[in-house]
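> Here is a sequence with its predicted model. Questions after.
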Amino acid sequence: MNELEADYEDVKIIRDALNPKKGLINEFIVNFMNKNQDNVNELVKMGTNGKFAIKFEVNSKDFYINVMSNDGDFKRDVNICSGGETTIINLSLSLSLIENFSTDYNVLMLDEFDSTLD
């Protein structure tokens, strides 16, 4: 019986580790996004003359890109930003991901990314 209980505990540990809401997968996503947050903020600040910064909020149920402006305005998610703000943030995020994780190509194609910019 003790052997069966030990096997059950091992299976339970593996099940919890592979749970996408609280296991290793979620931890990987959180660490992955936090690694990029500083790079994204550098690019956002360049694109907005220092007016905005972002913070990733990742938990077991949601993923938000919080947007803070230097005048104290806080937006819970990038989806409620203006078109221009959203474009700058999305472009910054894309460039950061390319910079950090793409080593195979040195070509970047941008198609109408600036359509919502003033």
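Looks like it arrived, so ask away. Numbers count the residues shown, from 1 in each chain.

> Go ahead and report the secondary structure state at Glu112.
Secondary structure for Glu112, judged by DSSP: H, G, I helix; E, B strand; the rest coil, is coil.

> residue boundaries of the strands in the chain?
Assigned by DSSP state E, the chain shows strands spanning 52-58, 63-69, 74-75.

> looking at those strands, which is closest to Phe28?
Across these, Phe28 has its closest neighbour in strand 52-58 (10.5 Å, C-beta to C-beta). All C-beta spots, glycine's among them, are computed from the backbone N, C-alpha and C.

> And the closest one, how far out from the chain middle?
Remark: strand 52-58 is offset 8 Å from the chain centroid, using C-alpha atoms, centre = their mean, to the nearest Å.

> Only the buried residues of that strand, if you could.
By neighbour count with 16 or more other C-beta atoms under 10 Å, strand 52-58 contains the buried residues 52-54, 56, 58.

> who does it touch, helix- and strand-wise?
Other helices and strands packing on strand 52-58, by 3 or more C-beta pairs under 8 Å, 6 or more residues apart in numbering; DSSP states H and E, are helix 24-47, strand 63-69, helix 83-101.
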